[in-house]
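>>> Below are the sequence and a predicted model; questions follow.
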Amino acid sequence: MGGGGGGHGEGGGDFRTKVWSMSGGPYCRPKHWRRNTAFALFGIFLVCVPIAVKSAQLEQRPHEPVRPIPSQMWCKNFGNKEY
């Protein structure tokens with residue numbers, strides 16, 4: 001019933017060296033991982049800060065909030081009754 005070898009089950013070596021995974025496998029220690037992590041965090045920071053600044057500029061509240069909202073601390077137009 002099938003079989004025929006094909007190299008399966010032979011050798012008895014460590015199969016983990018032949019398995020590919022996106023994270024790099026069981027022995028993952030990429031070169032310059034600290035530098036690459038710093039680059040990634042810096043890129044995220046560069047993208048998120050302008051978005052947060054623009055969000056604070058555009059924020060409007062037509063009604064007084066029931067509870068304090070953290071963005072009230074940095075939103076310049078909160079408290080103005082012009083909106």
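Yes, it's here. Since we're looking at a predicted model, the values are computed, not measured.
>>> For E59, grab the count of nearby residues.
Neighbours of E59 under the rule other Cβ atoms under 10 Å: 16. Quick note: C-beta positions are derived from backbone N, CA and C, even for glycine.
>>> Just to check, it is in contact with N77?
Yes: shown here, E59 and N77 form a contact pair, counting by Cβ atoms under 8 Å, at 6.8 Å.
>>> From H63, how far out is F45?
Distance from F45 to H63, counting by Cβ to Cβ, to the nearest Å: 33 Å.
>>> the more surrounded of those two?
Neighbours around F45 and H63, counted as other Cβ under 10 Å, are more numerous at F45. The numbers are 9 against 5.
>>> which intervals of this protein have sub-threshold pLDDT?
Low-confidence segments of the chain, defined by pLDDT under 70: 1-12, 16-17, 20, 22-28, 78-83.
>>> Just the element for K54, please.
helix 33-58 (DSSP states H and E).
>>> And for K76?
Per DSSP H and E, there is no helix or strand for K76.
>>> In this structure it contacts A56, no?
Yes: if you go by Cβ under 8 Å, K76 and A56 touch, sitting 7.3 Å apart.
>>> ok, the two, which is more surrounded?
A56 (15 against 9).
>>> gap between R61 and I69?
R61 is 8 Å from I69, where distance means Cβ to Cβ.
>>> scratch that, R35 is what I was asking about
Taking Cβ to Cβ, one finds R35 at 38 Å from I69.
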